[in-house]
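1. Structure for this input, please:
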Amino acid sequence: MNAEIRTERAAYQPGETIRGSVTWHSEKPPSQAEIRLFWQTKGKGSRDSETVEVQAFELPQPQDSRDFVFTAPAFPPSFSGRLISLLWGLELVLEPGGSQAIDLVIGPDGVERDLRREEWLQIPEPGRKIRWFRKA
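-> Numbers count the residues shown, from 1 in each chain. Model prediction:
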């Protein structure tokens, strides 16, 4: 399988529209083709993942191109820490044929949080609005 996933950009804020397209070339028509918006953890300990939304493509052809649209979820935000990171991604799955994935960032201001930086770990004062643990 030869496939490509394209998006307008690689980073999104919660609620923003994720627009893109996929193309693939396979020897036979896939019996199933879909694009998945998912997150996964990487690092020490057990890995976790969740598929948040799936868009199936009807009547996939051996050589095909399709558009997709998702809404960036509010939670959980992309982050990197000393022991674990949470990554968002898009995965094109063809059955039979395999899969292809790309990484995305979804978070406030379209920025991945680096939890190794001390200022992101500050707890807000009582009565103040929580701003993703960033110092005000």
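2. What segments of this structure are strands?
-> Taking DSSP state E as the criterion, the chain contains strands spanning 2-7, 11-12, 17-25, 32-43, 49-56, 63-71, 79-80, 84-95, 98-106, 113-114.
3. Dump those to CSV, plus mean pLDDT and mean neighbour count.
-> C-beta here means a position set from N, CA and C on the backbone, and glycine is covered the same way. Formatted as CSV, the strands of the chain follow (pLDDT from 0 to 100; neighbours: other Cβ atoms under 10 Å):
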stretch, mean pLDDT, mean neighbour count
strand 2-7, 96, 15
strand 11-12, 98, 20
strand 17-25, 97, 17
strand 32-43, 96, 18
strand 49-56, 97, 13
strand 63-71, 98, 15
strand 79-80, 92, 18
strand 84-95, 96, 19
strand 98-106, 96, 18
strand 113-114, 85, 17
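4. next one: stretch 48-60 to chain centre, how far?
-> Relative to its chain's centre, stretch 48-60 lies at 12 Å (Cα atoms, centre = their mean, to the nearest Å).
5. again with stretch 84-101
-> With Cα atoms, centre = their mean, you get 9 Å for stretch 84-101.
6. likewise stretch 51-63?
-> Distance of stretch 51-63 from its chain centroid, counting by Cα atoms, centre = their mean, is 16 Å.
7. And for that stretch, what's in contact with it?
-> With contact meaning Cβ atoms under 8 Å, 6 or more residues apart in numbering, stretch 51-63 is reached by 24-30, 32-39, 64, 66, 68, 70, 73, 94.
8. Distance of F79 relative to A33?
-> Separation of F79 from A33 (Cβ to Cβ, to the nearest Å) stands at 31 Å.
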